[in-house]
Every structure is written in C-alpha cells, then in structure tokens.
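Asker: Predicted model, plus sequence, below.
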Amino acid sequence: MSLTTPPQDATFAEPAPSALLLLGRGVDLASERGVECVGALPAASDPDLVERAHAARAALGDRAFVLGHHYQRDEVIDLADVTGDSFKLAREAAARPEAEFIVFCGVHFMAESADILTSDAQQVVLPDLAAGCSMADMAAIDQVEDAWDVLVEAGVAEDTVPVTYMNSTAAIKAFTGRHGGTVCTSSNAHVALRWAFDKVGGVEGTGKVLFMPDQHLGRNTAVNQLGLSLDDCVVFDPRRPNGGLTAQQLKDARMILWRGHCSVHGRFSERNVTDIRAAVPGVHVLVHPECKHEVVTAADMVGSTEYIIQALAAAEPGSSWAIGTELNLVRRLARAHADKQVHYLDSTVCFCSTMNRIDLPHLVWTLESLVAGRVVNRIVVDADDAHWARVALDQMLALPGYGA
Ligand code: SF4
C-alpha cells in the first residue's frame, strides 16, 4: 500500500467487516468480540435468584471477590463487594490476594486487566463471555500493527508515542508497552498525553501521539486540556488504505486519533445540550470525555465516572444536573440525590448493551459453579502480552501526579 495514495483515491478490496461480531457467531476468547455464553443458566423468571446468589456468595466467603462496574445493573451492583471504574476495580482485585476467584461484573477488557494485575494464584472470571466492549473491538491488534507499519513508512514512527485508553484489549496494551507508550484512564489522559509529548520534544514541538482506541477522549484531551488545535488532530481509519491519510497529513499531525468511539457516549449530541438548557433553566451539564468534542465543549463540566459521582455528591441541594454518561449510573445517582434534580442528557440513549449482558442468571450460574468446584468463563491473558501490558500499566502508575 503506497503512502502517496491520497485518501480520495482509496478503493476497498472487499467490504469492510463489521466492528462487532454478532452474538452467537463464534467463540473468540482472545478478543472483546461477543461470543455465545455456553452455560446452563437458571431461568430469569426463577423467583429464588437473589436468594441463590446470596447463598452461593456466602458459601464462597473470602475465596471470592465480586467486582461491580459503575455501569452494571442494580441487581448486580447489590451483590458486588466493591464498585468502581475499570482500573479501580482491577487494583481492588490485586489488593485481595486471599481471593482465589475474582468475579468481574464488567466487560472483557476489564477482566483482562484484572488478570494482568492479580497474582498467578488468582483466577478471574467474567459471568458472561458476551460482555465485550464495542469500543475496544474497534482496535484489533493486527489493525494496530498495520497502522504502525504505515507510520514507519511515512517516516513518523520514531517521533510517535502510543497511548492507549484503559478501554482496550490486553493485546493493544501490550503493543503500547512494546513501543514505549503508556495506558491512560479518562481521569489522567491529560497527564499521559503530556508525558508522551515530552518524550518526543514537548507539546510545543513536532512529536506525535498515536491515541487508541477512543478518538473523542484523545481529541477532547489534546484540544481542551493541552491547548492543541483541531487541525493538529487527524483520524486514522483502520478500514481504509493508509488509514485514509497521506504521508504529509501524518507528518503534519500532532495527534493521530484511532477511529474508535463508545457506542453509548458517542450518541449524545450538541442538540441534547441545547434542549436541556432550554427545558431546565440553570441546569449544570456534566458529561463524560468519551462524548463528542462538540458535546464536551458545550457542557459545563467534563470528567470520568468517578468525577461525575463526586461532582453530584458535592452539589448544592436543589441544583439541577443533566448527566451524559451510562444510564444505569445516572439512575442510581438520581436515587442517591433526591435533594437535587438529576436528568439524563438524552432520554433516547440506552444502556451499555454489553455491560448489561451480565445479569442475575449469569451471576448465579457463575457463583454456583464456583461453589461446585467448576471455574467457568475464566479470562487468561497470555504471558507475553501480560508482561508488556503490565509495562504499559506500570508506566501509567509512574506518571507524574497519577490520578490527578
Ligand atoms: S460504555 Fe462504552 S466504553 Fe464502556 S463498556 Fe460500554 S461500549 Fe465500552
């Protein structure tokens, strides 16, 4: 593939594959892609499901530790030993070496991170193997390796540092570790980007960051927090020859953004912000940085799920809020803050469908299987990827002011 080919001349050799594998079409434990869960699940109508879940949980005692991501259903959160975002949960698991089984009620890449950060004696299980992440699926390792070859051919790879969002597969984290980059979270993306630019001459210089897989988090952080311009950003589309970019565009860019997004946060629009301001005078609009740039720019506040939770906790009684993040979390925030008005930024945006794959039947099946001595749906990252992904995760932990 020639780098001199301009994007408008690009032709597709074959139809682009869907980013998501439809459920039940196969089993690929090494990816985020949806796969069929083969368990003999109890009926969702079983009136004893909650009782069965508590009984199995009690029987396992300290041998198991149940993690619940903020976007999980209420009935799953009720059974979690700790709740949090993906990285907090992985660290909580690592801090419980006595727990033989880590039951991760989240999505596949989160269970992978927990496997990387926990000891070899601990086994991480995902109650439903179909709980993947569409964003993580948008950056497959072969695509990223091909993209790096394009950067090498364009003569910019030496001046480029890869930064991957926590929401990526272990293979992408390992790629990042092998190429001297770092992982970041939505809380510390600005610190990670500054560090990466400093490696190649500083934010004011000519070095570049390859940011994966969420173009919105990368763009929002670079433009709103580091002072780069939208013209400094290009989008690398892995389905187009050379990412749809010329060598000159790659040379001129400072942020090479992978063409990925969150299927939940990507649905909020600038119009939603305009509409809620008209409907609720004085409303504070608070959104997640995975939202589009125009939404983040139109909002009053932007931050990670932990930031959103803390902002609501610190808000004045009687104040009004419109929240742009996953619906399960917003509903719980509305219940927890009955003294404030909490609105969902767009009433037509739905739950994270893959997070919601984990339900009581899957959790009961998982816990009862563990009680019976059967480890089901274990998530294991191969040793080489685990090593290099750990390098990238440790680099994040070593960032100045980590967590700021
Ligand atoms: S909310 Fe978005 S980023 Fe998070 S798991 Fe769902 S699809 Fe992935």
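Answerer: It's in.
Asker: Now do the contacts for whatever residue of the stretch 301-404 of the chain ends up closest to the ligand.
Answerer: Nearest residue of the stretch 301-404 of the chain to the ligand: residue 352, at 3.4 Å (Cβ to the nearest ligand atom). Just so you know, the C-beta spots here come from the backbone N, C-alpha and C atoms, and that holds for glycine as well. Counting by Cβ atoms under 8 Å, 6 or more residues apart in numbering, residue 352 touches 71, 263-264, 326, 328.
Asker: buried set for stretch 110-128?
Answerer: 110-118, 122-128 (16 or more other Cβ atoms under 10 Å).
Asker: Which of those residues sits closest to residue 288?
Answerer: residue 110 (16.3 Å; Cβ to Cβ).
Asker: thinking again about what came up before, which one of the buried residues of stretch 110-128 sits closest to the ligand?
Answerer: Nearest to the ligand among the buried residues of stretch 110-128, with distances taken as Cβ to the nearest ligand atom, is residue 110, at 8.1 Å.
Asker: Quick check: which element contains the closest one?
Answerer: Secondary structure from DSSP states H and E places residue 110 in helix 108-117.
Asker: now that helix: how far from the chain's centre is it?
Answerer: 12 Å (Cα atoms, centre = their mean, to the nearest Å).
Asker: Spell out which residues sit in contact with residue 112, please.
Answerer: Contacts of residue 112 (Cβ under 8 Å, 6+ apart): 169-170, 379, 381, 389.
Asker: Among these, which lie within helices?
Answerer: 170, 389 (DSSP state H).
Asker: would a markdown table of the contacts of residue 112 with pLDDT, distance to residue 371 and neighbour count be doable?
Answerer: Output for these, formatted as a markdown table (pLDDT from 0 to 100; distance: Cβ to Cβ, whole Å; neighbours: other Cβ atoms under 10 Å):
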| residue | pLDDT | distance to residue 371 | neighbour count |
| --- | --- | --- | --- |
| 169 | 95 | 30 | 29 |
| 170 | 95 | 28 | 28 |
| 379 | 93 | 20 | 21 |
| 381 | 95 | 26 | 23 |
| 389 | 97 | 31 | 29 |
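Asker: near the ligand, which of the contacts of residue 352 show up?
Answerer: Filtering those for neighbours of the ligand using Cβ under 6 Å from any ligand atom leaves 71, 263-264, 326.
Asker: re the thing from before, ok, which pair from the buried residues of stretch 110-128 is furthest apart?
Answerer: So, the buried residues of stretch 110-128 by Cβ to Cβ: farthest apart are 117 and 128, at 21.5 Å.
Asker: close to the ligand, is the helix holding residue 110?
Answerer: No. Helix 108-117 does not reach the ligand (Cβ under 6 Å from any ligand atom); its nearest approach is 8.0 Å.
Asker: Next secondary structure after that helix?
Answerer: Assigned by DSSP H and E, the successor of helix 108-117 is strand 123-125.
Asker: mind exporting the next helix or strand after that next one as CSV, just the C-alpha atoms?
Answerer: Downstream of strand 123-125, the next assigned helix or strand under DSSP H and E is helix 134-137. What follows is helix 134-137, C-alpha atoms only, in CSV (Å, rounded to 0.1, in the frame of the first residue of the first chain):
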residue,chain,number,x,y,z
SER,A,134,-17.6,-2.3,21.2
MET,A,135,-15.0,0.5,21.6
ALA,A,136,-12.2,-2.0,22.5
ASP,A,137,-13.3,-4.1,19.5
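Asker: right, is helix 134-137 up against the ligand?
Answerer: Yes. Helix 134-137 lies within reach of the ligand by Cβ under 6 Å from any ligand atom, at 134-135.
Asker: Next, the buried residues of that helix.
Answerer: 134-137.
Asker: Out of those residues, which is nearest to residue 313?
Answerer: residue 135 (27.2 Å).
Asker: where's the residue positioned nearest the centre of the chain relative to residue 73, distance?
Answerer: Among the residues of the chain, the one closest to the centroid is residue 167, at 2.8 Å (Cα atoms, centre = their mean). Residue 167 is 20 Å from residue 73, where distance means Cβ to Cβ, to the nearest Å.
Asker: Including distance to residue 347 and pLDDT, could the buried residues of helix 134-137 go into CSV?
Answerer: Putting the buried residues of helix 134-137 into CSV (distance: Cβ to Cβ, whole Å; pLDDT from 0 to 100) gives the following:
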residue, distance to residue 347, pLDDT
134, 21, 90
135, 23, 94
136, 27, 94
137, 27, 90
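Asker: Let me know the angle separating the helix or strand containing residue 172 from helix 108-117.
Answerer: When elements are assigned from DSSP H and E, residue 172 belongs to helix 170-178. Computed by axes from the mean of the first three to the mean of the last three Cα atoms, to 10 degrees, the angle separating helix 170-178 from helix 108-117 equals 50 degrees.
Asker: Give me the helices and strands touching helix 170-178, please.
Answerer: Packing partners of helix 170-178 (3 or more Cβ pairs under 8 Å, 6 or more residues apart in numbering; DSSP states H and E): helix 108-117, helix 141-154, strand 160-165, strand 182-184, helix 383-397.
Asker: please redo it, this time with the cut-off set to 6 Å
Answerer: Contacts defined by 3 or more Cβ pairs under 6 Å, 6 or more residues apart in numbering; DSSP states H and E place helix 170-178 against helix 141-154, strand 160-165, helix 383-397.
Asker: if we can go back for a sec, in JSON lines: the buried residues of helix 134-137, plus distance to residue 335.
Answerer: What follows is these, written out as JSON lines (distance: Cβ to Cβ, whole Å):
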{"residue": "134", "distance to residue 335": "27"}
{"residue": "135", "distance to residue 335": "27"}
{"residue": "136", "distance to residue 335": "30"}
{"residue": "137", "distance to residue 335": "32"}
